[in-house]
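**Q** Take this sequence and fold it.
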Amino acid sequence: MRVLGIEGTAWCASAALYDETTDETVIESDAYEPESGGIHPREAAEHMHEAIPTVVGIVLDHARETHDGDGRPVDAVAFSQGPGLGPCLRTVGTAARALAQTLDVPLVGVNHMVAHLEVGRHRSGFDSPVCLNASGANAHLLGYRNGRYRVLGETMDTGVGNAIDKFTRHVGWSHPGGPKVEAHAESGEFVDLPYVVKGMDFSFSGIMSAAKQAYDDGNSVEDVCFGLQEHIFAMLTEVAERALSLTGSDELVLGGGVGQNARLREMLETMCEERGASFYAPEPRFLRDNAGMIALLGAKMVRAGDTTEIADSAVDPNYRPDQVAVTWRDADEDVHVSPGAGETVRGAEAVVSFEDDRVEKRRIPKAYRHPALDETLRRDRTVLEARLTSQARREGVPTPVVRDLDPAESTIVFEFVGDLDLRENCTEAGVRDVGRHLAVIHDAGFVHGDPTTRNVRVESRTASDEPSADEPGRTYLIDFGLGYHTDHVEDYAMDLHVFDQSLVGTADDPDPLRDAFRAAYREASSQADAVLGRLHDVEGRGRYQ
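**A** Residues are numbered from 1 along each chain as shown. The predicted structure is shown next:
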């Protein structure tokens, strides 16, 4: 099978031919480069209108010259149906429909973000990896579960590439800004900037404002670029590790144009090496916006009988990856892998060792992070975890007793609680407990920061009984390292959002559990209406939601 793909979501007009038999891809691209500032939608659309016929013509000529002479030169036409800029997508959609009808072959509408994931999965040979998509307008963590790619974490404001471009426009550089930041960072030194991770979600608005201010205050552009990379890419690497820990996966693939940055790839590879995971980044031509990934996923979809009728081929600028029914994979496949039990467990941040009723948690240095940033994060999070764990206990929330604290070594000793993680026995009773516990600490003026199904411990009713949905034991909150004191409704809503996402990423049937969780929070919280109302707003901020 040979599929012709057409890509044009924002700035790069691209066409490609993917040959399934040889697993070879030919790509022809023409990128729009504004003279100044960022991408202008009207100018980008004009570029697409002029460039798409040219790149498609070159690839179609290649297809005609190289086919065996029998039948059609291509077996299907795939196109990027979204997300992206509406005017650009409409140009691509029109070209794809016309070409498919002219050649009398099936049409396939492809989600651009899923294509980034699938080209990495295909070329790596991984079974069911976690994927970090880091592109201009997006930043997602995705994992396959229950027939769809679930969003495990994402940016809550702007895409990573767009965030970097905002800084580069501030200093007068043209699009794209990423390569310019990378080049200037080579001779820079560390500048301290905000570092915002909320579970597996993250935010770039604060760091962008701080970077602009640091430049305006007289810091060299080289130093600010260095600081930007060290903070932004460490944030992405940390949330990727959190996703690996939550799912139990030991495979990570990278997608998106920002993935061309050597420092980001270095951080991700170092992190994976430290935790014994496998990492794969496709070659640069498959990282930036390209039609090769569109054609490859199109071929998989055609094989599954998943084609697009002309009447259903309207483009969708807000097309999220978790909206796509993944027809080309076995529904029984799953990114969720149960971690092995033992006397020592490695989480996303720390090594945890068990001895009788004693648990020692040590935040180990992260080689991927700049030493100054790493030392600050490990020390501050260790102190906060001990303080908030004890405060939650005083408020009546079950937590382990803190027996010892060593900030210099980033080590805490707790009592042992629970028999297993909530992830391994995710019952309605358990998630209701979590809803009530979070309501209590929010009313007391602080957040957990990372309430996932792995950071909740549950116990059986008796030591000899198996955990049961009918007879649940006590439910404990653990790992308050990302917590902090706050009286902002927004922060409380983010706590709920993080737990909600972890249910989607790990539970077999998450929807009833999500409803039970929110109902319990509403019953127990004195500010439920405000927090749940803000949660609705937070959920709408996910990219293209």
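
**Q** does Val351 sit in a helix, a strand or a coil?
**A** strand (DSSP: H, G, I helix; E, B strand; the rest coil).

**Q** What is the burial count for it?
**A** 14 (other C-beta atoms under 10 Å). The C-beta positions use only the backbone N, C-alpha and C, and glycine is treated the same way.

**Q** do the one 3 residues further on as well
**A** Phe354: 14 surrounding residues under other C-beta under 10 Å.

**Q** Strand partners (parallel or antiparallel) of the helix or strand where it lies?
**A** For Phe354, the host element (DSSP states H and E) is strand 350-355. Strand 350-355 pairs in its sheet with strand 344-346 (antiparallel), strand 358-363 (antiparallel), by DSSP bridges.

**Q** Figure out the helix or strand that the residue nearest the centre of the chain lives in.
**A** In the chain, the residue lying closest to the centroid (C-alpha atoms, centre = their mean) is Leu141, at 1.8 Å. Taking DSSP H and E as the criterion, Leu141 maps to strand 139-145.

**Q** Please name the nearest non-neighbouring residue to Met235.
**A** Spatial nearest neighbour of Met235, excluding adjacent residues (C-beta to C-beta, 6 or more residues apart in numbering): Phe202 at 5.1 Å.

**Q** what bridges to the one you found?
**A** Residues in beta-bridge contact with Phe202 (DSSP bridges): Thr155, Val197.

**Q** could you point out where the stretch 1-150 of the chain is predicted with low confidence?
**A** 35-38 (pLDDT under 70).

**Q** can you give me the helices for it?
**A** Taking DSSP state H, counting those that start in this stretch to define them, one finds helices in the stretch 1-150 of the chain at 41-66, 86-103, 112-124.

**Q** wait, which of those is closest to Asp306?
**A** helix 112-124 (11.9 Å; C-beta to C-beta).

**Q** Against Val458, how distant is Arg522?
**A** When distance is defined by C-beta to C-beta, to the nearest Å, Arg522 is 22 Å away from Val458.

**Q** More neighbours: the two, which one.
**A** Taking other C-beta under 10 Å, Arg522 and Val458 do not tie; Val458 has more neighbours (26 against 14).

**Q** now for the helix or strand hosting that one, which elements pack on it?
**A** For Val458, the element it lies in under DSSP H and E is strand 456-460. Secondary-structure packing of strand 456-460 (3 or more C-beta pairs under 8 Å, 6 or more residues apart in numbering; DSSP states H and E): strand 420-421, helix 428-443, strand 472-477.

**Q** coming back round to it: what's near enough to touch the residue nearest to Met235?
**A** Phe202 makes contact with 139, 153-156, 196, 235-236, 239, according to C-beta atoms under 8 Å, 6 or more residues apart in numbering.

**Q** Lowest-confidence one in these?
**A** pLDDT is lowest at Met156 among those; the value there is 86.

**Q** Tell me if I'm right that that one and Ser203 touch.
**A** Yes: between Met156 and Ser203 there is a contact under C-beta atoms under 8 Å: 5.0 Å.

**Q** With neighbour count added, can I get the contacts of Phe202 in TSV?
**A** Output for these, formatted as TSV (neighbours: other C-beta atoms under 10 Å):
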residue	neighbour count
Ala139	30
Gly153	29
Glu154	25
Thr155	25
Met156	21
Val196	16
Met235	22
Leu236	25
Val239	24
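
**Q** Just the closest of the residues you listed to Ser526, please.
**A** Looking across the contacts of Phe202 and measuring by C-beta to C-beta, the closest to Ser526 is Met156, at 25.3 Å.
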